[in-house]
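J.: Structure for the following, please:
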Amino acid sequence: MKLFKPFVNLTKSESTGVYTLNAVVSLPKDYALSSIDQGLIEKNGKKVWAVTASVTTNGSLETDIVEFAVPLKQGPTEEVNTVSMVMVQSSLLGGTPNPEEDDSTDVDYDDSEVTVP
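T.: Next comes the predicted model:
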């Protein structure tokens with residue numbers, strides 16, 4: 001399996017309070033970003049808010065650096081204090097990916113940078 005390890009930065013808007021997960025990932029030859037979803041998952045026995053980016057083969061001959069920003073629908077709660085950026089191959093999506101075996105990067109809401117509008 002190809003590796004799609006994302007690099008992430010979490011920001012929080014000072015004016016709106018909205019958290020945004022910014023991600024950069026290097027996609028190997030033959031792959032492209034196909035969709036981005038978000039929702040609650042359980043990882044290592046804890047609830048985390050996951051942003052899941054799916055990649056699919058596209059026949060490209062070039063390695064591509066992909067950047068994207070995702071405004072989060074969920075802020076921190078007593079149960080949820082971590083955001084996980086999960087990368088999965090569309091062809092392997094038989095349901096919810098196993099967060100123990102995926103290419104993911106986690107960041108705590110407390111570690112977010114505050115941005116000025």
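J.: Restricting the selection to alpha carbons, write the helix or strand hosting Thr56 to PDB.
T.: Using DSSP states H and E, Thr56 sits in strand 46-57. Listed in PDB are the C-alpha atoms of strand 46-57, where the atom choice follows Å, rounded to 0.1, in the frame of the first residue of the first chain:
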ATOM      1  CA  LYS A  46     -11.100   7.700  22.600                       C
ATOM      2  CA  LYS A  47     -13.600   9.700  20.500                       C
ATOM      3  CA  VAL A  48     -11.900  12.000  18.000                       C
ATOM      4  CA  TRP A  49     -13.300  14.300  15.200                       C
ATOM      5  CA  ALA A  50     -11.900  12.900  11.900                       C
ATOM      6  CA  VAL A  51     -11.500  14.600   8.600                       C
ATOM      7  CA  THR A  52     -11.200  11.700   6.100                       C
ATOM      8  CA  ALA A  53      -9.600  12.500   2.700                       C
ATOM      9  CA  SER A  54     -10.100   9.800   0.000                       C
ATOM     10  CA  VAL A  55      -7.600   9.300  -2.800                       C
ATOM     11  CA  THR A  56      -8.100   7.300  -6.000                       C
ATOM     12  CA  THR A  57      -6.000   6.300  -8.900                       C
END
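J.: Parallel or antiparallel, list what pairs with that strand.
T.: Strands that pair with strand 46-57, judged by DSSP bridges, come out as strand 31-43 (antiparallel), strand 82-89 (parallel).
J.: ok, and which of those strands has the densest surroundings?
T.: strand 82-89 (a mean of 22; mean count of other CB atoms under 10 Å). Just so you know, the C-beta spots here come from the backbone N, C-alpha and C atoms, and that holds for glycine as well.
J.: Which pLDDT value does the model give the spatially most central residue of the chain?
T.: Nearest to the mean C-alpha position of the chain, by CA atoms, centre = their mean, lies Met85 at 2.3 Å. The predicted structure scores Met85 at 93 on the pLDDT scale.
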